[in-house]
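Enquirer: After the sequence you'll find the predicted model.
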2 protein chains.
Amino acid sequence: MSILVVGSVAFDSLETPSGKRERVLGGAATHFALAASFFTKVRVVGVVGEDFLPEHEAVLTSKGVDTTGIEHVVGKSFHWTGSYVQNLAEAQTLATDLNVFADFEPKIPASYLDSEYLFLANIDPVLQSKVRAAMPNVKLVAGDTMNYWIAAHRDNLLKVLEELDVLIINDKEVLMLSGETNWVRGAKKVLELGPKSLVVKYAEHGSASFFSERSFGDNSSAGIFRAPATPQEEVVDPTGAGDSFAGGFYGYIASQGKLTPEVFRTAMFYGCVMGSLSVEQFGTERLQRTTREEIEARFQQLKQISHL
Amino acid sequence: MSILVVGSVAFDSLETPSGKRERVLGGAATHFALAASFFTKVRVVGVVGEDFLPEHEAVLTSKGVDTTGIEHVVGKSFHWTGSYVQNLAEAQTLATDLNVFADFEPKIPASYLDSEYLFLANIDPVLQSKVRAAMPNVKLVAGDTMNYWIAAHRDNLLKVLEELDVLIINDKEVLMLSGETNWVRGAKKVLELGPKSLVVKYAEHGSASFFSERSFGDNSSAGIFRAPATPQEEVVDPTGAGDSFAGGFYGYIASQGKLTPEVFRTAMFYGCVMGSLSVEQFGTERLQRTTREEIEARFQQLKQISHL
């Protein structure tokens, strides 16, 4: 089953306590696609500039990711500069050069139209809605967002939320979106805004999912699931951890072809696995050299450290 | 199997987003003893003043807790005043009136000397060492501490750590004690300081245990276990949550009479259960009206939300 992901393909210049890197391949769609590629076929819709070279595209295509929908235009690719030197848990943005991404108008190749799973990475909710509308036959829609859209584009975002089967955001975004100070109450309020289910990411503390009666389309009861994170002795670069989580999570769901509570729970574990791998090196380095065997071993490890 | 706990028996005046309470029964030994009382026989060593009335003692004795070792002296009991209005995750101390606790010299009743489990709650490490030395035949010793002793009484504390089978502290204390910025590396360093095993509490994010080769006395391999917390829609009063966790954890271990990896892991879950119950009302109110059936139900719930 194919996933269509729409989002940023970018370069990141990063500084963390482990070191510094200039212009490594990044972007939400990139991290998501790489992580999901270990589970299922992934197709990317994005835009890049002239600095996006064949070697960068090969990072994706070598994993079987379809890059037909990455539009090449004149100019420079989106470039984010950030530092985690003060706080590994929260990036300090030093520069956001949107470049060609500022005028991004997602164009979906005809060959993508039969995708059954849609992932709307963190972009302008107006664009998320457009892509959603252009893919009326998908089986499942998941999406991400961030503080900027929650604060300044709330009405547009609310329209997207109504369309989502799964919203995947972090704990701070849950509180911001709901106006609550407690994330359990916050999650309930977020579900009332439209998404059929919610996955909350807590960085090194793992993730939680909140189900509504509509989550599995069979009047299942609402509930909660809590997945741990792999304890990491060193976080080299947290950039893209959330997108890698989403890629592992959604990639596993797409590989199963159906959404049951069991598939959802297992997908949370695979999300944690991909997120934990991604932070072990800068940018996409770690996911590029990951194997499916390594992913399975870490999945078993995660189960072992959390199950009685 | 009996647990001897030494620590504070106190009154707390509290303000939280849920309300305000004056002089409710509190103290580390009180919360620990109440939580552990659902699993095993508990004996308390502490000191109180003339304001500690028969009705306060009855809170403990009605649960079968042995209070022979609570010394009554002239003066007022330890009284802590704190606020969680700004931040439920961290208390703001408004006043610490040590009163009779300032001159606390633990006295162990003869009837306590056959206790097989010892818990050294958060008190001056010099006193912890004295109590440890007075109980040479205990099977297992667990203990807690806090930032004050880590910062200002480190040498005395290190002597206590060498004697511990289990150290139970929170994530910030792990970083402070180890000088690390990552809690996995920090935990490894803490284990090198002496304790055979370490339990790290993360408040609403549950807990983790770190085992050394010496944890189970049988050259088991070192490792990690991660237990979730029950998602709470409302935290009324976090005071004593950590002590209630420790009481549930250690009470369960004492009830089993042996320390295996399986017992340790299960004990982590019971710790989470007692911690999560304790925060639902002010002071000891919630633990006072808890039943063993309720504890079992919450244990099953915790397993259900965290196991695939």
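Expert: It's in.
Enquirer: Next to chain B, which bits of the stretch 51-200 of chain A? Give me the list.
Expert: By the rule CB under 8 Å from any CB of the partner chain, the part of the stretch 51-200 of chain A lying against chain B is A:88, A:181-185, A:188. Every C-beta, even on glycine, is put in place using the N, C-alpha and C of the backbone.
Enquirer: need the contact list for A:Phe264.
Expert: A:197, A:209, A:211, A:215-216, A:225, A:253 (CB atoms under 8 Å, 6 or more residues apart in numbering or on different chains).
Enquirer: Please apply the same query to A:Thr16.
Expert: A:83-85, A:88, A:235-238, A:282.
Enquirer: From A:Glu90, how far out is it?
Expert: As judged by CB to CB, to the nearest Å, A:Thr16 and A:Glu90 stand 12 Å apart.
Enquirer: ok, now A:His31?
Expert: Separation of A:His31 from A:Glu90 (CB to CB) stands at 18 Å.
Enquirer: Next: A:Glu105.
Expert: To A:Glu90, A:Glu105 is 31 Å away according to CB to CB.
Enquirer: Residues touching the helix or strand where A:Thr96 lies, excluding its own?
Expert: Under the criterion of DSSP states H and E, A:Thr96 resides in strand A:92-97. Under the contact criterion CB under 8 Å, 6+ apart, strand A:92-97 has outside partners A:76, A:78-86.
Enquirer: so the residue of the stretch 51-200 of chain A found nearest chain B, which of the three states?
Expert: The nearest approach of the stretch 51-200 of chain A to chain B comes at A:Val184, 4.6 Å away (CB to the nearest CB). On the three-state scheme (DSSP: H, G, I helix; E, B strand; the rest coil), A:Val184 is labelled helix.
Enquirer: isn't it right next to B:Val235, touching?
Expert: No - with contacts counted by CB atoms under 8 Å, A:Val184 stays clear of B:Val235, the gap being 9.8 Å.
Enquirer: got any ranges where the stretch 101-250 of chain A has weak pLDDT?
Expert: By pLDDT under 70, the low-scoring segments of the stretch 101-250 of chain A are A:219.
Enquirer: Please enumerate the helices of it.
Expert: For the stretch 101-250 of chain A, the helices defined by DSSP state H, counting those that start in this stretch cover A:125-134, A:147-152, A:154-161, A:171-178, A:183-192, A:241-256.
Enquirer: Strands of chain A, residue ranges please.
Expert: Using DSSP state E, the strands found in chain A span residues A:3-6, A:10-16, A:19-26, A:42-48, A:66-72, A:78-83, A:92-97, A:117-120, A:140-143, A:166-170, A:197-201, A:207-211, A:223-227.
Enquirer: sorry, back to before: which of the contacts of strand A:92-97 are buried, as a PyMOL select command?
Expert: Once 16 or more other CB atoms under 10 Å in any protein chain shown is used to decide burial, the buried members of the contacts of strand A:92-97 can be selected in PyMOL as follows:
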select buried, chain A and resi 76+78+79+80+81+82+83+84
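Enquirer: Redo the contacts of strand A:92-97 as a markdown table? Include pLDDT.
Expert: A markdown table is the format used below for these (pLDDT from 0 to 100):
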| residue | pLDDT |
| --- | --- |
| A:Lys76 | 98 |
| A:Phe78 | 98 |
| A:His79 | 98 |
| A:Trp80 | 97 |
| A:Thr81 | 97 |
| A:Gly82 | 97 |
| A:Ser83 | 97 |
| A:Tyr84 | 96 |
| A:Val85 | 94 |
| A:Gln86 | 90 |
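Enquirer: Of the contacts of strand A:92-97, which pair is most distant in space?
Expert: Farthest pair in the contacts of strand A:92-97 (CB to CB) is A:Lys76 and A:Gln86. Separation: 27.7 Å.
Enquirer: re the thing from before, pull the contacting residues for the residue of the stretch 51-200 of chain A closest to chain B.
Expert: A:224, B:231-233.
Enquirer: So for chain A, the centremost residue is which one?
Expert: Most central in chain A under CA atoms, centre = their mean is A:Asp243, positioned 2.9 Å from the mean C-alpha point.
Enquirer: Check the contact between it and A:His31; I expect there is one.
Expert: Yes - A:Asp243 lies in contact with A:His31 (CB under 8 Å); the separation is 3.7 Å.
Enquirer: Which one's more surrounded, A:His31 and A:Glu90?
Expert: Neighbours per residue (other CB atoms under 10 Å in any protein chain shown) separate A:His31 from A:Glu90, with A:His31 holding more: 32 against 11.
Enquirer: Now for that one: which residues touch it?
Expert: In this structure, A:His31 makes contact with A:239-240, A:243-244, A:247, A:278, A:284, A:287, judged by CB under 8 Å, 6+ apart.
Enquirer: Repeat the analysis, applying 7 Å as the threshold.
Expert: By CB atoms under 7 Å, 6 or more residues apart in numbering or on different chains, A:His31 lies in contact with A:240, A:243-244, A:247, A:278, A:284.
Enquirer: same deal with A:Ser77?
Expert: Contacts for A:Ser77 (CB under 7 Å, 6+ apart) come out as A:9-11, A:48-49, A:51-52, A:99-100.
Enquirer: Please tell me which one of those counts the most neighbours.
Expert: Neighbour-wise, those (other CB under 10 Å) top out at A:Val9, 30 neighbours.
Enquirer: quick one, phi/psi of that one?
Expert: Note on A:Val9: backbone dihedrals following degrees, to the nearest 10 are phi -120, psi 120.
Enquirer: So it is in contact with A:Ala28, correct?
Expert: No - between A:Val9 and A:Ala28 no contact is recorded; they are 8.6 Å apart, counting by CB atoms under 7 Å.
Enquirer: residues of the longest helix seen in chain A that come out buried?
Expert: Longest helix in chain A by number of residues (criterion: DSSP state H): helix A:261-278. Buried residues in helix A:261-278, counted by 16+ other CB under 10 Å: A:261, A:263-278.
Enquirer: Redo the strands of chain A as TSV? Include distance to A:Ala297.
Expert: Listed next are those as TSV, based on distance: least, CB to CB, whole Å:
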stretch	distance to A:Ala297
strand A:3-6	24
strand A:10-16	26
strand A:19-26	26
strand A:42-48	23
strand A:66-72	28
strand A:78-83	31
strand A:92-97	34
strand A:117-120	26
strand A:140-143	26
strand A:166-170	25
strand A:197-201	22
strand A:207-211	20
strand A:223-227	17
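Enquirer: and of the ones you listed, who's closest to B:Leu60?
Expert: Nearest of the strands of chain A to B:Leu60, taken as CB to CB: strand A:223-227 at 32.9 Å.
Enquirer: Tell me if the closest one is near chain B.
Expert: Yes - using CB under 7 Å from any CB of the partner chain, strand A:223-227 reaches chain B at A:224-226.
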